[in-house]
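# Next come a sequence and a model predicted from it.
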Protein chains: 2
Amino acid sequence: MDEILKTVLKRIKPSEAERRRLKKVADFLLERVDSTCKMLNVPARAMLVGSAARDTWLRSERDIDIFILFPEDLSREELEKKGLAVARKVAGRKGKEQYAEHPYITTEFDCFDVDLVPCYDVADPSKIKSAVDRTPYHNRYIQERLTPKLADEVLLLKRFIFGAGAYGAELKVQGFSGYLCELLIMYYRSFKETIGAASKWSPSTIVDLGNSYPDKAEVRALFQGQPLIVIDPVDANRNVAAAVSVQNFATFVRECQDFMRKPSARFFFPREVKHLTKKQIEGILRCRGTYPFCIVFKSPNIVADMLYPQLRKTERALVARLARAGFEVIRSDVWANGKSIILIELIISELPKVQVHVGPPIKVDVGDFVRMHLRSKRKFAGPFIDNSGRLIFELERRQTDARAVLEQVLAERASFGRHVAEALAKGHEIFEGKNISKLCADRKACEFISEYLTRCLPWYR
Amino acid sequence: MDEILKTVLKRIKPSEAERRRLKKVADFLLERVDSTCKMLNVPARAMLVGSAARDTWLRSERDIDIFILFPEDLSREELEKKGLAVARKVAGRKGKEQYAEHPYITTEFDCFDVDLVPCYDVADPSKIKSAVDRTPYHNRYIQERLTPKLADEVLLLKRFIFGAGAYGAELKVQGFSGYLCELLIMYYRSFKETIGAASKWSPSTIVDLGNSYPDKAEVRALFQGQPLIVIDPVDANRNVAAAVSVQNFATFVRECQDFMRKPSARFFFPREVKHLTKKQIEGILRCRGTYPFCIVFKSPNIVADMLYPQLRKTERALVARLARAGFEVIRSDVWANGKSIILIELIISELPKVQVHVGPPIKVDVGDFVRMHLRSKRKFAGPFIDNSGRLIFELERRQTDARAVLEQVLAERASFGRHVAEALAKGHEIFEGKNISKLCADRKACEFISEYLTRCLPWYR
């Protein structure tokens, strides 16, 4: 295993030249932020944060995160105004305004992706005004404790999780952040120890680096329903792993189990998804024998961190309504890239006319339930009592066709994400059955459909 | 309500002439049993039991039950030999031997159905040798306590339950015995009070006439899973309502609720089931849009009390296997009368090729599960992790056709009733879809299918 890790590390760790280049760019930008502050008479200073600041960046990452720290007594309005002014000036014409909790600027500089983020320089990290204010504390906490040896271990862990597709705390991924990887390595002291421990994790695992909670039950109550709980040593009220979905948690645990059983470099460098041709897609769909639907529409103009939760909420609403109408969904997924796709795959597309309606439990008076259906034109049989003692009516099903249900739900748009609902209202297309292969004209959409149909944990590809 | 009950009672209570006639026949038979005992030098005596002995028989019932009581020290072999000898002699050539826990003779005499049952005259009813030994105690218990006024109330209750199709403790019906009706009336003191109380029953209701148990929790533990618990005042270890199924329990409670809401004679005299024509049956099936299957075979030569549990066990096995294969059963039923029918109605008859296989929970090593399916020719996708964190493979379904599953299960015959399995092995036919209307050539089978398709609580017919 050590041989494998050594080889992997060599491939993923930036060379001396690469480091020098990043340092040069970062120093240049820091200096430019500070001088711009002075020039504009703004009481702020620049700080390099993130993996670039801690030497925990992978060769494949090209991010430079610079925070612009303002004194706490400044109003939020002032901070946003002055912060953006400085950032815009530094970024120049290539700068793009982005919105998280408050606005920031992204730009490109010498092939690096640069984020310029105004924030408050707070005195107490448990009393922040916005999530970004915590970042300088994270930065100091890690910088003070992470040795170069541990930084290498972080690189291995990050790449390992990246290999499983679970790296990144953004809402598109719902995975492990860089800071989370750093904390795990600081807790378990090495990549191998981390993997060994994680292979035995079960949901609601607790990692409490600073021993903030003597009582584990309290932690579980505090962070209920979150599969992984890593207490932030900088703010004990926060779970650093809050973004990690159950799916990514389980994926990581399975990856650790599989790696422990048979270590290999393929966990770090899995094969790419093979693009299927239109013909191949149609062939697979014919074999599966299911009824896939793709709802396609122009993506609303919002950031990915807003779009993906809305797409998933809409997906859930569609699946729930179809299930309620009796149509079982075998699998579903969402995708976005200019246009958005919600893919829903059904076991059947038509149901019989008759549908079972179950009455209230025995203690409840059924007068109304019976009166409502007894003389109904929709009645086939009932009321009668089934083997479990439930009162049953067999009535005519209102919709026997899945597509009709889908279209009705798309017309109502209840419990959809707001911007997604608006975008759907403006127009959408439904592709059905083998017609979804038509979406493959778009190379990226083809990758989505190919991955969906050949889905597999990356290290088994 | 009192008017209704008065009218009903008039219709169901035997006239003086009818009573005299029954008494004459019963006395004659009792005398003949006693004299036959003497003649054959058998140390036994006759006892009239059941509703005839307690004046709780309905005009429509024509049963005379005579028990032949033997001393406790006689061996079981001797009892069976001598008991049957006496009974055979009394019954004459029309007598038929039947087997319950031990053998007895049924015959017809002057338009009455007569049972002649040998049993032990035990000193302690909690130490009986066979279930029938308890009957003389039941008889004495009721005879000593039931006034003519209460006997009338019993008649109303029996007819009321008969109207719901829930009268009779035999396993074909799984309903309320006459003795159970008598105990309920003795406990609640009138028909009206019984109905009022039962309309508020919920599962695991306890009626403890003799106050045998101070602790209700003990009773529930003792008779777990039984919806109605009526402690036998003659033997506190026995639930008189043990035969009552959840379905009949709930039917009775609903009947009481409906009767309380709007009393009517139709609860006692519901309409008959309308026979549907072949055309009507085909029309209803077309409208329902489901996939019904009838498995038809010659009934094995066993008593109804053995046949029906075996038919239901076979029905359950078929339903469970179909469900396991992904075919949802909307309703099913069994019927017997010379030939046996198991009717199973499916929502769909074909499933897609792809089938979801869920792996073990996260704590369990999945090495074997993955190895088994990873290179399988049956694999569509997987292993991957779904939203709930479960490990999933999508594999080729072995059987996509419901009829093929049904035929395979009928070939294996696992978990079927023994005699039913043997009868099925000798030969069976499967009628599918609208072809089940062909069974209507048999009038009785037509009634079964008509009732199934128009199923409705009798008082709503």
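Structure's in. What do you need? Owing to the predicted nature of the structure, the values given are computational and were not obtained by experimental measurement.

# The helix or strand where residue A:405 lies close to chain B?
Using DSSP states H and E, the element containing residue A:405 is helix A:402-412. No. Helix A:402-412 lies out of reach of chain B by C-beta under 8 Å from any C-beta of the partner chain, never closer than 12.5 Å. C-betas here are computed from N, CA, C, even on glycine.

# what is the mean pLDDT for the next helix-or-strand element following that helix?
Sequence-wise, the next helix or strand downstream of helix A:402-412 (DSSP H and E) is helix A:418-426. Helix A:418-426 shows an average pLDDT of 97 in the prediction.

# What's the local residue count around residue A:225?
8 (other C-beta atoms under 10 Å in any protein chain shown).

# now the one 5 residues further on
The burial count assigned to residue A:230 is 25, neighbours taken as other C-beta under 10 Å.

# Does it touch residue A:180 like I think?
Yes. Judged on C-beta atoms under 8 Å, residue A:230 makes contact with residue A:180 at a distance of 6.1 Å.

# Pull up the overlap in contacts between these two.
Common neighbours of residue A:230 and residue A:180 (criterion: C-beta atoms under 8 Å, 6 or more residues apart in numbering or on different chains): A:240-241.

# list the contacts for residue A:67?
For residue A:67, the contact set (C-beta under 8 Å, 6+ apart) comprises A:46-47, A:49, A:117-119, A:132, A:135-136.

# So which elements touch the helix holding residue A:405?
If you count contacts as 3 or more C-beta pairs under 8 Å, 6 or more residues apart in numbering or on different chains; DSSP states H and E, helix A:402-412 packs onto strand A:291-298, helix A:304-324, strand A:429-432.

# Switch the ones you listed over to JSON lines; also include distance to residue A:14, mean pLDDT and mean neighbour count.
Below are the helices and strands packed on helix A:402-412 laid out as JSON lines (distance: least, C-beta to C-beta, whole Å; pLDDT from 0 to 100; neighbours: other C-beta atoms under 10 Å in any protein chain shown):
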{"stretch": "strand A:291-298", "distance to residue A:14": "39", "mean pLDDT": "98", "mean neighbour count": "20"}
{"stretch": "helix A:304-324", "distance to residue A:14": "26", "mean pLDDT": "96", "mean neighbour count": "18"}
{"stretch": "strand A:429-432", "distance to residue A:14": "44", "mean pLDDT": "97", "mean neighbour count": "15"}
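
# Surely residue A:97 and residue A:115 touch.
No. Taking contacts as C-beta under 8 Å, residue A:97 lies outside contact range of residue A:115: 11.8 Å.

# which one of these two has more residues nearby?
Applying other C-beta under 10 Å to residue A:97 and residue A:115 shows that residue A:115 carries more neighbours, namely 19 against 12.

# mind checking the SS state of residue A:174?
Under DSSP: H, G, I helix; E, B strand; the rest coil, residue A:174 falls in the coil class.

# Do I have it right that it meets residue A:249?
No. Residue A:174 lies out of contact with residue A:249 (C-beta under 8 Å); the separation is 9.6 Å.

# Pick out whichever of these two has more residues nearby.
Between residue A:174 and residue A:249, counted using other C-beta under 10 Å, the more crowded position is residue A:249 (27 against 20).

# so how far is the host helix or strand of the more buried one from its chain's centroid?
According to DSSP H and E, residue A:249 maps onto helix A:246-261. Centroid separation for helix A:246-261 versus its chain: 17 Å, with C-alpha atoms, centre = their mean, to the nearest Å.

# could you say what helices and strands that helix packs with?
Using 3+ C-beta pairs under 8 Å, 6+ apart, helix A:246-261 is in contact with helix A:148-163, helix A:191-198, strand B:379-385.

# at 6 Å what do you get?
Counting contacts by 3 or more C-beta pairs under 6 Å, 6 or more residues apart in numbering or on different chains; DSSP states H and E, helix A:246-261 is packed against helix A:191-198, strand B:379-385.

# Between helix A:191-198 and it, find me the angle.
Orientation of helix A:246-261 against helix A:191-198 (axes from the mean of the first three to the mean of the last three C-alpha atoms, to 10 degrees) gives an angle of 120 degrees.

# following helix A:246-261, which helix or strand comes up?
In N-to-C order, the element after helix A:246-261 by DSSP H and E is helix A:278-288.

# can you tell if that next one touches chain B?
Yes. Residues of helix A:278-288 are located near chain B by C-beta under 6 Å from any C-beta of the partner chain, namely A:287-288.

# ok, which residues in the stretch 301-450 of chain A are in contact with chain B?
So far as C-beta under 6 Å from any C-beta goes, the stretch 301-450 of chain A lies against chain B at A:348, A:352-354, A:362-363, A:381, A:383-385, A:387, A:389.

# picking that back up, out of the helices and strands packed on helix A:246-261, flag the one nearest residue B:185.
strand B:379-385 (61.7 Å; C-beta to C-beta).

# Neighbouring strands - and their directions - for the helix or strand just after the closest one?
Next helix or strand after strand B:379-385 toward the C-terminus (DSSP H and E): strand B:391-396. Here strand B:391-396 is paired, per DSSP bridges, with strand B:354-358 (antiparallel), strand B:379-385 (antiparallel).

# can you pull out the strands in the stretch 1-150 of chain A?
For the stretch 1-150 of chain A, the strands defined by DSSP state E, counting those that start in this stretch occupy A:45-49, A:63-70, A:96-99, A:103-109, A:112-120.

# Show me the longest helix that occurs in chain A.
helix A:16-40 (DSSP state H).

# Distance of residue A:289 relative to chain B?
3 Å (C-beta to the nearest C-beta, to the nearest Å).

# What lies in contact with stretch A:32-46?
A:30, A:66, A:68-71, A:82, A:86, A:89-90 (C-beta atoms under 6 Å, 6 or more residues apart in numbering or on different chains).

# Was I right to think residue A:63 contacts residue A:114?
No. Residue A:63 is beyond contact range of residue A:114, at 7.9 Å (criterion: C-beta atoms under 6 Å).

# what about those two, which has more around it?
Set residue A:63 next to residue A:114 and count neighbours by other C-beta under 10 Å: residue A:114 wins out with 24 against 15.

# wait, doesn't the more buried one sit right on residue A:98?
No. At 11.9 Å, residue A:114 and residue A:98 do not qualify as touching, with contact defined as C-beta under 6 Å.

# hang on, the earlier thing: send me the helix holding residue A:249 as CSV with only the CA atoms.
Extracted C-alpha coordinates of helix A:246-261, given in CSV (Å, rounded to 0.1, in the frame of the first residue of the first chain):
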residue,chain,number,x,y,z
VAL,A,246,-26.1,10.4,2.9
GLN,A,247,-25.2,9.2,-0.6
ASN,A,248,-21.7,10.7,-0.5
PHE,A,249,-21.1,9.5,3.0
ALA,A,250,-22.0,6.0,2.1
THR,A,251,-19.9,6.2,-1.1
PHE,A,252,-16.9,7.3,0.8
VAL,A,253,-17.3,4.5,3.4
ARG,A,254,-17.7,1.9,0.7
GLU,A,255,-14.6,3.3,-1.1
CYS,A,256,-12.6,3.0,2.2
GLN,A,257,-13.9,-0.6,2.7
ASP,A,258,-12.9,-1.5,-0.9
PHE,A,259,-9.5,0.2,-0.7
MET,A,260,-8.7,-1.6,2.6
ARG,A,261,-9.6,-4.9,0.9
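
# That concludes my questions; thank you for your assistance.
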